[in-house]
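K.L.:
Have a look; sequence and predicted model below, questions after that.
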Amino acid sequence: MKKAGLLLAMVLAISAFAFIKPRIFKKAFLKFHTLTCNYPKIKADNSSLWGIDISHHQGDIEWEEFKKSKPYFIFIKATEGASHRDSRYKEYKKKAQDQSIIVGAYHFFNYCTNGKVQADNFIDYADLTKGNLPPVLDAEFENNMPTKEKVQRELMAFIKQIEKTTGEKPIIYCETDYYTKYLEHELNGNYPLWISDFWREPTCNYKFWQKTDKYIHPAFKGTVDYNTFNGTLEELNNLKMK
């Protein structure tokens, strides 16, 4: 009886914490789930159009290893905020294109600076051209998020500047909960989505799905993010910039 009472108390405590601090609880749960699941055992094959996303954190990459297991696409971090530029972006982009891999670039959004200014930083440095995937806006939850109105205003300023300057609708990378809270009403289903969800298939209409950050590939010393494209090869090619 004492064990049953203790178990009940633990369940109630966890439930109360999840109710009071839902975002912290979700983050902790996802970390536990990722550590205990079989995602590292994912093996890329021809049954899906798969790709990875990388930044300077990947360090030196053994590009020759892609000849044995080549992704269909690679998203590379180009910029962050109003001024930061990834030190390995240009190198990675050229190396990936030399391997005939479809390349895209993403911008990590910073809530401290103007969305339009961030877009200009990205456009200037990413230098995306015909044959590349459209620009990507990487929008994520942070501690002490600004007001919903400010988040939406600056995100839309970024998006509109990308469209105005490049003529392309950017791909939106985020979690399903983020999309629902900040962008679903604003975008109205008119932009391609790249959804990050490590424990279930996204419930929204997505183009790309980031399944794990624990994928093992011989080109990397550690693990890397693994993604799949929700469509055919023809549809992936049609998504590329014209």
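P.N.:
Nice, thanks for sending it over. Residues are numbered from 1 along each chain as shown.
K.L.:
Give me the three-state assignment for the closest residue to E62 other than its chain neighbours.
P.N.:
Nearest-residue entry for E62: A219, 4.7 Å, with adjacent residues in sequence omitted and distances by C-beta to C-beta, 6 or more residues apart in numbering. Heads up, the C-betas are built off the backbone N, CA and C, glycines and all. Of the three states, A219 takes coil under DSSP: H, G, I helix; E, B strand; the rest coil.
K.L.:
how near is A219 to Q58?
P.N.:
In this view, A219 and Q58 are 9 Å apart by C-beta to C-beta, to the nearest Å.
K.L.:
Please identify the buried residues of the one helix or strand Y92 maps to?
P.N.:
Using DSSP states H and E, Y92 maps to helix 89-98. Of the residues in helix 89-98, Y89, Y92, K93, K95, A96 count as buried by neighbour count, 16 or more other C-beta atoms under 10 Å.
K.L.:
ditto for stretch 206-221
P.N.:
For stretch 206-221, the neighbour count (16+ other C-beta under 10 Å) marks Y206, K207, F208, W209, Q210, K211, T212, K214, Y215, H217, A219, F220 as buried.
K.L.:
With stretch 74-90 instead?
P.N.:
Buried residues in stretch 74-90, defined by neighbour count with 16+ other C-beta under 10 Å: 74-82, 84-86, 88-89.
K.L.:
Point out the ones among the buried residues of stretch 206-221 that are inside strands.
P.N.:
Secondary structure from DSSP state E places F208, W209, Q210, K211, T212, K214, Y215 of the buried residues of stretch 206-221 in strands.
K.L.:
Now do the nearest residue to the third one once chain neighbours are set aside, the pLDDT please.
P.N.:
Among residues not flanking Q210 along the chain, S196 sits closest, at 4.1 Å (C-beta to C-beta, 6+ apart). Here, the pLDDT recorded for S196 equals 98.
K.L.:
my guess is Q99 meets W63, correct?
P.N.:
Yes - in this structure, Q99 is within contact of W63 by C-beta atoms under 8 Å, at 6.3 Å.
K.L.:
Tell me the gap between the helix holding Y92 and the middle of its chain.
P.N.:
A distance of 19 Å separates the centroid of the chain from that of helix 89-98, by C-alpha atoms, centre = their mean, to the nearest Å.
K.L.:
what comes into contact with that helix?
P.N.:
Residues from elsewhere that reach helix 89-98, judged by C-beta atoms under 8 Å, 6 or more residues apart in numbering: 54, 56, 61, 63, 74, 76-79, 103, 105, 125-126.
K.L.:
what's the farthest-apart pair in those?
P.N.:
Greatest spatial distance in the contacts of helix 89-98: W63 and T79, 22.6 Å, computed using C-beta to C-beta.
K.L.:
so what does the one helix or strand A157 maps to touch, helix or strand wise?
P.N.:
Assigned by DSSP H and E, A157 falls within helix 148-166. Using 3 or more C-beta pairs under 8 Å, 6 or more residues apart in numbering; DSSP states H and E, the elements in contact with helix 148-166 are helix 115-126, strand 136-138, helix 184-187.
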